[in-house]
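[1] sharing a sequence plus its predicted fold:
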There are 2 protein chains.
Amino acid sequence: MPLPTQPYKGARDFYPEDKRIQKYMFSKLRSSVEAFGYEEYDAPMLEPLDIYLAKSGSELVNDQTYTFTDRGDRQVVIRPEMTPSVSRMVAAKRNQLNFPLRWYSIPNLWRYERPQRGRYREHWQLNVDLFGEASIAAEEEIISLASSVLKSFGATNDMFEVRLNSRKLMEYLAKTYLSLEDVKALALFKLIDRKNKIDEQAFNEQAMELIGNQELVDKLASFLEISDISNVPEELKDAEGISELKTLIAHLASNPEIGKVVFDPNIMRGFDYYNDIVFEVFDTHPENNRAMMGGGRYDGLVELFGVEPVPTIGFGLGDATLLNFLQVHELLPDIKAETDLAVLLLDDEFGNSQSLVNALRSQGLNVAVDFSSRKIGNKIRWAESRGIKHISVIGQNEIDSQKLSIKNLDDGYEELIELNAVGQYLKN
Amino acid sequence: MPLPTQPYKGARDFYPEDKRIQKYMFSKLRSSVEAFGYEEYDAPMLEPLDIYLAKSGSELVNDQTYTFTDRGDRQVVIRPEMTPSVSRMVAAKRNQLNFPLRWYSIPNLWRYERPQRGRYREHWQLNVDLFGEASIAAEEEIISLASSVLKSFGATNDMFEVRLNSRKLMEYLAKTYLSLEDVKALALFKLIDRKNKIDEQAFNEQAMELIGNQELVDKLASFLEISDISNVPEELKDAEGISELKTLIAHLASNPEIGKVVFDPNIMRGFDYYNDIVFEVFDTHPENNRAMMGGGRYDGLVELFGVEPVPTIGFGLGDATLLNFLQVHELLPDIKAETDLAVLLLDDEFGNSQSLVNALRSQGLNVAVDFSSRKIGNKIRWAESRGIKHISVIGQNEIDSQKLSIKNLDDGYEELIELNAVGQYLKN
C-alpha cells in the first residue's frame, strides 16, 4: 500500500512559494526587533515536563502538550511555548549574565488542539523578552516594540489597538472588592479569560456561583465594561496596579508611533506566571477582530529554577495570526523567487558550460542551469513556472564569444551582454 | 525543589553569542545554495512512523528515533532525517510540479544517540535535493554545489576531498564477483559501512562468515583498497556503475572549483534508499579527518508514496560537523553583535527620549536604550558586555540640541554628530 502524502494533522508543509512568505515575515520580524537592540537565542525542541507543570496552566499541560517518555525514561515535552525554556536559560547563567538582557527567538511550538483558521498544531512564534528591568519603562519599550513590528510590515496606527490590564488590579478586585478567597479568585480569572467564548447568561451564572451575591456580580459586570482607566469606580481608585496603568497608558498615548491604547479589564492571558501588567494587541479589521499578540510581566518565573528572581516582561506573536493580519489588510507584497537567471543549455553537455556559469555566480547572481535534453520551449516554460524573470540560452557560440543574450520573460525584451557585465545588468 | 537548568541531554541551548555563529553559518549556506537556483522548503517536525520504516534502515528506526503515540492514537516520529519528508511533499504534488525541482532546507533533526564531539541528539542539517534529473549532470551539479558551499566559508581545495562510489557497482561486486545472494549482499554492505569502526581482523572474520571463501575475501579486501577507478580488476571493468563513475570523476576533476576527487569503494552511506552514485566529502585536516557531507542518488523513494518515480539526488551537511570544520581550519570570523549603538539615558525618564531614539532607528540603526537608574559607569560596562561598539550618553541637553556625542568603545574616540547624520556616521 502506498504511503500517505499529507502532512501530520494540523501541521503544514511549506513548499517554496509558502516558505518564501514565511522567510519574508521572519526577516521583517528579525530586523524590527534587532532595531531595538534585541539578540536572537534558541533552545531545544524537547524540554522536561516539569518546567511547564509549575506555571503554564493546567489546560495547556494536561490537554494540549505532546508529552512522551524517551528511551532513557525521561518524561519530555515538545515545547508548547518558549517562556519556560528562556527562563531556564537565564537562570542557568544568572550570575554571569549582565542585565538587562534583550532577547528574542522565533521557535516552532506544538499544541494538540483542534486545527482551525489561524490555529495549527505546529506554529512559529516570535518571542521577545526583556530581562532585568523592573520599571514601567520596560513595559513601554516592549509595547512600543510590539507596535513597531506591525508598522514594519506597512501597518498604520488604525489597523491595531493595544489593550492593557493589570493582574495586580484584578487580584485586588477579586480579593478586596469581591471578597473572594484565593481558589475562587483564580477560578474567576479563568472565567473572565473565557468570557468572549461563552454567552452573557452563562457568564453571569458561573460568576454568581463563585461570588454568591448578585449585587457584586453586577458590579463585576459593569467593571468589565470599562475601557477608560479614569472611569474605574471610586473604591478602586487607589487599588494596586491603577497608577502603573495610568502612567503607562499616558506614556504610550504620547508616542505617535503607536495606535490606540485602551484599558481592558477582560484581558487576563492564560498563563499562570503573569503577575502584573498584561496586554494584547488586537486587529481592528472587522473580518479579523481578535488578539494577535499577547504578553505581560512575569517576574517570578526565573526564580523557580533556584536562583535570585529577575524582573521580566515579554510578548509573543504567532506566524499564522500575523499572516491573517497581513492578508486581511492587504499588506503582503508579491515576493519574488531568489533565482536571478535561468541558463538554458542548447545541448546537454553540462561540463562545457561550467566556467561560464561559475563566472555568472561569482558576480553575485543566483543561476539555475537547465541541462536536460528536452526541447528549448519546454525549458522556457520551466523557467516561467519557477518564477525566474530572466533567461539566457547558451550554446557553443556563447561559450566562445563570452557574450550572452539575456531575455526578460515579463516583457520579452532581449539584449546581448558581455559575460562580465551580466551581474551589473541584472542588478539594475 | 528548584527546577533543573540544564538543557535536555545531547541538545544545546543557543545563547546569543552561540546563535550568532549559527546565523552566520546558515546565512552562508542559504546564499551558496541559492546561487545554484535552489529554493527553500520546510515540513513539520512530526511525521508518521511509516515513512521511515520503508527505506531509512533498521538501526535508525528501531534504536535512534523519538517515536511516540499522540493523543489521537497516531504513531509519530520527531523527524530523524529530512529525505522521507521531502519525498512525501514531492509525491503529494507529483502532477502539478514542473521538474526539475531544486530544493533545500535547514531542518532540525532528532536522533537518540550517545552524545559525543560533533554529534548531538538535536542537530540542524542542510538538505539539498535535485528532483527530476536522471543524467550524470545532476551528480555533477550536486557535488559542485557541495564543494561551493565549503568554498563560500573560505575553504580552499586542499581542505576537503570528495569520495565517490556506486551502489550499482557494489551490487554487481556482491552478486556477480562474490556470488552472494541478496540477504548476504545487504549484510556485506552493512559490514563495509562499519569497516572503519572495527579492526581488520574482525572485518575479515565477519566477511569470511558471509562469503565463506578465503580467496574471495582477499579479493574483496584488495578491492576496498582501490582509490583510482582505472585500477579496478579486469573482471569488474565492464561492471554496472563503472562508466558513470569514470565520467563523473573526469568531469569533476576538470572543474577548478573542486578539490581532490577520488573513488572510494568503502563509501556505502547508511540509508537503504540509495541506489546508484553515493558520495561523501571528507575533511582532510589531520585532527578532524572524517566525513562532513554525505549524499547520493535515491531514485526509488518518491514512488513509495504511490506516484510515478522521480529520479533524485541530494546531500546533507550537519551544523556541528560544519562548525568543527570551520574551527579546525580557523575559518570562523569574529562575528559582531547586531546592535549598532547603545543609548545611555542620564536620567530614567524614558518617554522624554523616545522621539530621539525613534529618529535613530528610522536611519536604519539598531539601538538599545539603557533607561535604568544605575550609575553611568555601570551602563557603559553593560554596553561593553553586550559587544556594542558605540555608545551615546543622552540627557536633556542632547534632546534640546539634537546633537549626540558618539563614543567608540574600542578606541575611545568621541565625536559630536547631528542627530540626522548618526546613521550615515556609524555605517561608514
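    Arrived safely, thanks for sending. Numbers count the residues shown, from 1 in each chain, chains lettered A, B, ... in the order given.
[2] going forward, measure contacts and count neighbours with C-alpha atoms only.
    Will do.
[3] A:Ser147 and A:Met292, how far apart?
    11 Å (Cα to Cα, to the nearest Å).
[4] do A:Glu244 as well
    A:Glu244 is 24 Å from A:Met292, by Cα to Cα.
[5] how about the contacts made by A:Val217?
    A:Val217 is in contact with A:204, A:207-208, A:211, counting by Cα atoms under 8 Å, 6 or more residues apart in numbering or on different chains.
[6] again, 7 Å this time
    A:207-208, A:211 (Cα atoms under 7 Å, 6 or more residues apart in numbering or on different chains).
[7] phi, psi for it please.
    phi -60, psi -40 (degrees, to the nearest 10).
[8] please apply the same query to A:Asp193.
    Per degrees, to the nearest 10, the backbone of A:Asp193 is at phi -60, psi -30.
[9] surely it and A:Met268 touch.
    Yes. Contact criterion Cα atoms under 7 Å: A:Asp193 and A:Met268 qualify, at 5.5 Å.
[10] in terms of neighbours, single out the busier of these two.
    Per other Cα atoms under 10 Å in any protein chain shown, whichever of A:Asp193 and A:Met268 has more neighbours is A:Met268, with 27 against 15.
[11] now for the more buried one: which residues touch it?
    Contacts of A:Met268 by Cα under 7 Å, 6+ apart are A:189, A:193, A:278.
[12] CA-only coordinates of the helix or strand the first one falls within in CSV, if you can.
    For A:Phe189, the host element (DSSP states H and E) is helix A:182-194. As requested, the backbone C-alpha atoms of helix A:182-194 are provided in CSV (Å, rounded to 0.1, in the frame of the first residue of the first chain):
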residue,chain,number,x,y,z
ASP,A,182,-7.6,32.5,46.5
VAL,A,183,-9.1,29.5,44.8
LYS,A,184,-12.3,31.3,43.8
ALA,A,185,-10.3,34.3,42.7
LEU,A,186,-8.3,32.0,40.3
ALA,A,187,-11.5,30.4,39.0
LEU,A,188,-12.9,33.9,38.4
PHE,A,189,-9.8,34.8,36.3
LYS,A,190,-10.2,31.7,34.2
LEU,A,191,-13.9,32.6,33.8
ILE,A,192,-13.0,36.1,32.6
ASP,A,193,-10.4,34.7,30.3
ARG,A,194,-13.2,32.6,28.7
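[13] past it, which element shows up next along the chain?
    helix A:200-211.
[14] and stretch A:133-141, how far out from the chain's middle?
    The chain centre lies 21 Å from the centre of stretch A:133-141; the measure is Cα atoms, centre = their mean, to the nearest Å.
[15] let me know whether that stretch sits next to chain B.
    Yes. Residues of stretch A:133-141 contacting chain B under Cα under 7 Å from any Cα of the partner chain: A:Ala137.
[16] quick one: buried residues of that stretch?
    Along stretch A:133-141, these residues count as buried under the neighbour rule (16 or more other Cα atoms under 10 Å in any protein chain shown): A:133-134, A:137-141.
[17] got the phi/psi numbers for A:Leu101?
    phi -110, psi 140.
[18] quick one: strands adjacent to the longest strand along chain A?
    Assignment by DSSP state E gives strand A:122-131 as the longest strand of chain A. Here strand A:122-131 has these sheet partners by DSSP bridges: strand A:101-105 (antiparallel), strand A:108-110 (antiparallel), strand A:312-318 (antiparallel).
[19] could I get these as JSON lines with mean pLDDT and mean neighbour count?
    As requested, the strands paired with strand A:122-131 are arranged in JSON lines below (pLDDT from 0 to 100; neighbours: other Cα atoms under 10 Å in any protein chain shown):
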{"stretch": "strand A:101-105", "mean pLDDT": "98", "mean neighbour count": "22"}
{"stretch": "strand A:108-110", "mean pLDDT": "97", "mean neighbour count": "22"}
{"stretch": "strand A:312-318", "mean pLDDT": "97", "mean neighbour count": "24"}
